[in-house]
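Enquirer: Okay, predicted coordinates and the sequence, questions at the end:
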Amino acid sequence: MAGIPPSTWTSDQPIVRVSDVHKSFGTFEVLKGISFDVRKGEVVCIIGPSGSGKSTLIRCINALVPVTSGTIRVAGIEVADPKLDKLALRRTVGMVFQQYNLFPHKTALANVMMAPLHVLGQNRAEVEVRARALLAKVRLAGKEDAYPGELSGGQQQRVAIARSLAMRPDVMLFDEVTAALDPETVKEVLVTIRELAEEGMTCLLVTHEMNFAREVADHVYFTDRGVIVEHGPPATLFSAAQDERTRRFLSQVL
Amino acid sequence: MTDPAMNGRPAGGGPPGEGGHPGDLPVLLPSALSRTGPETRLRPAHAWLLCGLAAVALPAWAQAGSGASSPLEVVIRWAPLLLTGFAFNVAISLMAMLLGTLAGTGLGIAMLAEGPVLRRLAWTVTQVFRNVPWLVLLFFVMFLVPFQVTVLGVRVPLPDWVKATFGFALPVMANVAEIVRGAVRSVPTTQWEAAESLAFTRRQILWRIILPQCAKRMLPPWMNVYALIAMATVQASIVGVTEMLTLTAQVHAAEGGRPELFAPLYGFALLCFFLYCYPIDRLTARLERRFETR
């Protein structure tokens, strides 16, 4: 059931299509008409200064935050539709958070197994085999029985990635997943994401890791104050930014 | 109550941060304390109270006349009956706790419901039953619930002690509801977001992810409620339930109402309750400390 896109979606269309999305919190407009596409297998990075609405945008895509206006289509599912089946959407879209948000009362293995078992109702033995394989893939073999509190930030974040992957999503969203990590553990998480990208997973990242964006992304969007200021392939955006705001931001962070 | 310096941090129920803060002026402390329930952090020295309780019986014993049996003999003679009464108190408290916990968990979850009607209704019910004297609730139940009910053609008698159990279950329900609501609310919303992102339903999130995390947090205040309800069961004597206090009064009367028997007989009741509730209290305090430093 999960992972099979509805019939309205074909693989030649973008798997994520965001069109003219506005989002206001009270009178404050955070997103002022954002549009972009992500094609299957693409790695897209969203960069920009703090408070530019990046996290809000990525949260709109799996309906954690409802949009004020505009449309978002993920693998044929209309996210802004009032009759949206949130559970169907979230079986298609995986999300990893800045603060890992593992379930503290469950072991690493149980964290990875929970959703496939209880949401998808899959067979326990199969799920366990897959969960162990996923933990090995994120280089955490041997940590299956550790509780989140016993793991480092980087390890917890890799469990969170494995947990999300266990649902076999079509798209993975990463919301500043390295922002809370020690510098030395950032790399291990980025290596994991890079491997995912190389395997063809569609990834949408909000990130402050410019080097990562430059090396891994297919397309980079620079947002500021709720709008996309400029976008393009990383080679172009990072070396030949057209907009003054982009250039100023890049000069500060690079 | 112990010295104010020690009470700076409340040991009673509720999440940390509620009640007294380190920066509180001494004048604020009494009000801060009253919100956190009874002080549970007793010193080990308080165990000496036990000896004190035993001593209650002794002076009266010395006064005993030569003809009548000594107070100690009276207590020993009647102890089996009085302990049967105490067993009733324990049974009532356990049943009330069981019923109240089941109903209170439901009520607490209803207070967190997404629908405003259910949420407000549950909130109102909780507030009403939390903010009236337990004895008033007991009277209401005693006089409003019939002495028997007919279920599917079968007559089920409702003896007084069963009705009293319902009466005590009501305040337990309201207090447990608050404990559940508070504990669920104390779990960071990021846990909900993470679970929602994995396509869990609201119900699954609550039962599989949120409540299991709060179980530890809920245990100490829940045990606190139990200790309070166990002590409150003697109020059932007012409405005529044959529990320990009622029996104690009857025994006193049967022994001719001799004034020197008053202290030993009621001292015995006091001792029974203390020996039952004090360990619960200590365990609660210990669990609280352990969970705080996890």
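Expert: Cool, got the structure.
Enquirer: how about the strands in the chain?
Expert: The chain I'm using is chain A. Assigned by DSSP state E, chain A shows strands spanning A:16-25, A:28-38, A:43-47, A:69-74, A:77-78, A:93-96, A:171-175, A:202-206, A:219-224, A:227-232.
Enquirer: Please refer instead to chain B.
Expert: B:148-151, B:154-157.
Enquirer: just to revisit the earlier point, dump the strands of chain A into TSV; add distance to A:Gln242 as well.
Expert: The C-beta positions use only the backbone N, C-alpha and C, and glycine is treated the same way. As requested, the strands of chain A are exported to TSV (distance: least, CB to CB, whole Å):
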stretch	distance to A:Gln242
strand A:16-25	22
strand A:28-38	17
strand A:43-47	15
strand A:69-74	25
strand A:77-78	33
strand A:93-96	31
strand A:171-175	27
strand A:202-206	22
strand A:219-224	10
strand A:227-232	6
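Enquirer: Looking at the stretch 101-250 of chain A, which residue is nearest chain B?
Expert: Proximity of the stretch 101-250 of chain A to chain B (CB to the nearest CB) peaks at A:Asn101, 3.6 Å away.
Enquirer: What pLDDT is listed against that residue?
Expert: Here, the pLDDT recorded for A:Asn101 equals 95.
Enquirer: Please apply the same query to A:Pro183.
Expert: If you check A:Pro183, the pLDDT there is 85.
Enquirer: and what of B:Leu29?
Expert: 46.
Enquirer: List the buried residues for stretch B:174-191?
Expert: Going by neighbour count (16 or more other CB atoms under 10 Å in any protein chain shown), the buried part of stretch B:174-191 is B:174-184, B:186-187, B:191.
Enquirer: among these, which are within reach of chain A?
Expert: Of the residues in the buried residues of stretch B:174-191, proximity to chain A by CB under 8 Å from any CB of the partner chain holds for B:Gln191.
Enquirer: nearest to A:Ala241, of the buried residues of stretch B:174-191?
Expert: Comparing the buried residues of stretch B:174-191 against A:Ala241 with CB to CB places B:Gln191 closest, at 39.2 Å.
Enquirer: what does the stretch 151-254 of chain A have sitting close to chain B?
Expert: A:Ala160, A:Arg163, A:Ser164, A:Met167.
Enquirer: The same query, at a cut-off of 10 Å, please.
Expert: A:Ala160, A:Arg163, A:Ser164, A:Ala166, A:Met167, A:Pro169, A:Leu173, A:Asp175 (CB under 10 Å from any CB of the partner chain).
Enquirer: Most neighbours out of these, which is it?
Expert: For those, the largest neighbour count, defined by other CB atoms under 10 Å in any protein chain shown, is 31 neighbours, found at A:Arg163.
Enquirer: In the stretch 101-250 of chain B, mark out all the helices, start to finish.
Expert: B:116-130, B:134-144, B:160-186, B:189-197, B:202-204, B:211-232, B:244-254 (DSSP state H, counting those that start in this stretch).
Enquirer: Which stretch among those approaches A:Leu84 most closely?
Expert: Among the helices of the stretch 101-250 of chain B, helix B:189-197 sits nearest to A:Leu84 (CB to CB), with 12.9 Å.
Enquirer: Quick check: which ranges of chain B have low pLDDT?
Expert: B:1-68, B:292-294 (pLDDT under 70).
Enquirer: Thanks again, I'm all set now.
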